[in-house]
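Novice: I would like to see how this sequence folds:
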Amino acid sequence: MNLPNVGQSDGPGRGVVITGGASGIGRAIADAFKDNGDRVVVLDRADGEGIVQVDVSDEASVQKAFAQARKRLGRIDILVNSAGLLTESPLEEMSLSMWNETIAVDLTGVFLCCREVVGEMRQQQWGRIVNIASQLAIKGGTGLSHYSAAKAGVVGLTKALALETAADNVLVNSIAPGPIETPLVEGISADWKAAKRSGLPLGRFGVPAEVAPTALLLASDPGGNLYVGQTLGPNSGDVMP
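Specialist: Residues are numbered from 1 along each chain as shown. The predicted model follows:
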């Protein structure tokens, strides 16, 4: 079978940018791409060796960080948006600042980072964007209305951008993990986590290494070539679309 040969195809040495790649799911994804032979630049608010610092909610910070990443990589072939913020509050008690901060990091940050790479990917006629959403985008979560809304926005943004770019061989998809054992969920109450765990068909939370292969799949060629605007759900059975 002959497959289309448009732009850059799969192979070692692709330029990969991963936001929120210093810990949790982002770190596992960064490690997976490195093991695959890709060249990876991690963007994170944390300060660490080899990490480009960024505040994904700030336009100027994003522009500066991607300029540094582009300088290191030469070109950006793959973007994984994994930076995120998770706090907990009933909606009636939620402050506007908590709402705004979550939307800024978890949704606006995805928009800003996607906007930084779409033009060059279209020009290259090859690109892959993977946005980390959440199964709560589909089913919601008690005390997590702001987070659920932001992640639902990520799913919608993913679909819309996928329609804009697919003709240029730039494929945009999202991953909606279930509860994963990461530093992000450490601040959520023990009662919430216990209730969630008891309701999972698999009976347990996932770990980051169980999510990372999905990102590799979506970025692969030919394995990921037919995924356009899709949301894949490694979620312990929490959501069955």
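
Novice: now the closest residue to Gly109 other than its chain neighbours: how far from Gly153?
Specialist: Spatially, and ignoring its direct neighbours in sequence, Gly109 is nearest to Val56 (3.1 Å; Cβ to Cβ, 6 or more residues apart in numbering). For the C-beta atoms, the positions are set from N, CA and C on the backbone; glycine is no exception. From Val56 over to Gly153 the distance is 14 Å, taken as Cβ to Cβ, to the nearest Å.

Novice: so those two - more neighbours on which side?
Specialist: Val56 (27 against 18; other Cβ atoms under 10 Å).

Novice: who's in contact with the residue nearest to Gly109?
Specialist: 19-20, 43, 45, 62, 81, 83, 105, 108-110, 112-113 (Cβ atoms under 8 Å, 6 or more residues apart in numbering).

Novice: okay, and which of those map to helices?
Specialist: Secondary structure from DSSP state H places 62, 109-110, 112-113 of the contacts of Val56 in helices.

Novice: so who does Gly48 touch?
Specialist: By Cβ under 8 Å, 6+ apart, the contact list for Gly48 reads Ala22.

Novice: just the pLDDT at it, thanks.
Specialist: Listed pLDDT for Gly48 reads 84.

Novice: dump the contacts of Val56 to JSON lines, plus neighbour count, pLDDT and distance to Ala133.
Specialist: Output for the contacts of Val56, formatted as JSON lines (neighbours: other Cβ atoms under 10 Å; pLDDT from 0 to 100; distance: Cβ to Cβ, whole Å):
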{"residue": "Thr19", "neighbour count": "30", "pLDDT": "98", "distance to Ala133": "14"}
{"residue": "Gly20", "neighbour count": "28", "pLDDT": "97", "distance to Ala133": "13"}
{"residue": "Leu43", "neighbour count": "29", "pLDDT": "98", "distance to Ala133": "18"}
{"residue": "Arg45", "neighbour count": "17", "pLDDT": "96", "distance to Ala133": "20"}
{"residue": "Val62", "neighbour count": "22", "pLDDT": "98", "distance to Ala133": "19"}
{"residue": "Asn81", "neighbour count": "28", "pLDDT": "98", "distance to Ala133": "9"}
{"residue": "Ala83", "neighbour count": "24", "pLDDT": "97", "distance to Ala133": "13"}
{"residue": "Val105", "neighbour count": "21", "pLDDT": "98", "distance to Ala133": "14"}
{"residue": "Thr108", "neighbour count": "20", "pLDDT": "98", "distance to Ala133": "14"}
{"residue": "Gly109", "neighbour count": "26", "pLDDT": "98", "distance to Ala133": "13"}
{"residue": "Val110", "neighbour count": "29", "pLDDT": "98", "distance to Ala133": "9"}
{"residue": "Leu112", "neighbour count": "23", "pLDDT": "98", "distance to Ala133": "16"}
{"residue": "Cys113", "neighbour count": "24", "pLDDT": "98", "distance to Ala133": "14"}
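
Novice: mind putting the residues you listed into JSON lines with distance to Leu73?
Specialist: Converted to JSON lines, the contacts of Val56 look like this (distance: Cβ to Cβ, whole Å):
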{"residue": "Thr19", "distance to Leu73": "14"}
{"residue": "Gly20", "distance to Leu73": "18"}
{"residue": "Leu43", "distance to Leu73": "12"}
{"residue": "Arg45", "distance to Leu73": "20"}
{"residue": "Val62", "distance to Leu73": "16"}
{"residue": "Asn81", "distance to Leu73": "16"}
{"residue": "Ala83", "distance to Leu73": "18"}
{"residue": "Val105", "distance to Leu73": "24"}
{"residue": "Thr108", "distance to Leu73": "24"}
{"residue": "Gly109", "distance to Leu73": "20"}
{"residue": "Val110", "distance to Leu73": "20"}
{"residue": "Leu112", "distance to Leu73": "18"}
{"residue": "Cys113", "distance to Leu73": "15"}
